[in-house]
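*Asks:* starting from these lines, generate the structure:
(one chain, ligands or ions: 1)
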Amino acid sequence: MNLYLPEKINVQGEEFRVYLTQEEIQQKIQHIGQTLSRKFMDKRPIFIGVLNGSYIFLADLMRFVSIPCEVDFLKLSSYGDEKVSSGQVHDLKQIDADIKDRHVIIVEDIVDTGLSMKYLVDKLKQHEPASLTVVTLLHKAEATKHEVQIDYAAFKIPNLFVLGYGLDFAQEGRNLGQIYIQIKKDED
Ligand code: IMP
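*Replies:* This is a model prediction of the structure:
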């Protein structure tokens, strides 16, 4: 596979460098996929990907899930095209599945302030799932202000903007094959 893996990239005038390689990401995802497969064996869980950012993570995670399961998607918006959260979450697409009494696994790209995840967990709990598990690829632990449930975080990262592997900056960068982090001005 010929992935798009530059050493550095400029997006909208901001410089980014490689932070997590494809190998590091795949290794963690394999571990999480195998763990979830053991935990939810015979439970037919439903994975809910949070669009848009989680689509590549979810696709790769599913390749390591070796039990019967379902997949659905929802879409939230809080950032628009900015690098900081607007502080408000909107539903842009709801799930189609009925999750009452189902084992639900939320798959998110990144938990930053925690606002979106808190909103989502509170909302899905109202539908009375049998269990609710939160999986995120990235967690900006220092930036998380809201008390939020996170069961599996593949990587804890510093409070800097990242892109690639599904995550965007103003809709650019999702097709990068690994995770890039913003270069601080004094780092050049
Ligand atoms: P939160 O509600 O502040 O936790 O933000 C969650 C959402 O903001 C994520 O699902 C992403 O879509 C977006 N986001 C937060 N930090 C970043 C980042 O560093 N790069 C790209 N998107 C981000």
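*Asks:* residues near residue 183, how many?
*Replies:* Neighbours of residue 183 under the rule other C-beta atoms under 10 Å: 15. The way it works is simple: take the backbone N, C-alpha and C, and place the C-beta from them, glycine included.
*Asks:* got the residues of the protein near the ligand?
*Replies:* 53, 78-79, 85, 108-117, 161-163, 167 (C-beta under 6 Å from any ligand atom).
*Asks:* please flag which of these sit within helices.
*Replies:* Applying DSSP state H to these, the entries found in helices are 115, 116, 117.
*Asks:* tell me the contacts of the residue nearest to the last one when sequence neighbours are not counted?
*Replies:* Leaving out its chain neighbours, the residue that sits closest to residue 117 by C-beta to C-beta, 6 or more residues apart in numbering is residue 148, at 4.7 Å. Remark: with contacts taken as C-beta atoms under 8 Å, 6 or more residues apart in numbering, residue 148 is in contact with 111, 114, 117, 118, 121, 134.
*Asks:* for ChimeraX, what selects the buried ones among those residues?
*Replies:* The ChimeraX selection below is limited to those of the contacts of residue 148 classed as buried (16 or more other C-beta atoms under 10 Å):
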select :111,114,117,118,121,134
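*Asks:* what would the contacts of residue 148 look like in JSON lines with pLDDT?
*Replies:* Putting the contacts of residue 148 into JSON lines (pLDDT from 0 to 100) gives the following:
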{"residue": "111", "pLDDT": "97"}
{"residue": "114", "pLDDT": "95"}
{"residue": "117", "pLDDT": "96"}
{"residue": "118", "pLDDT": "96"}
{"residue": "121", "pLDDT": "97"}
{"residue": "134", "pLDDT": "98"}
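*Asks:* pull out the buried residues from the longest helix seen in the chain.
*Replies:* In the chain, taking DSSP H as the definition, the longest helix is helix 22-39. Buried residues in helix 22-39, counting neighbours by 16+ other C-beta under 10 Å, are found at 22, 25, 28, 29, 32, 33, 36.
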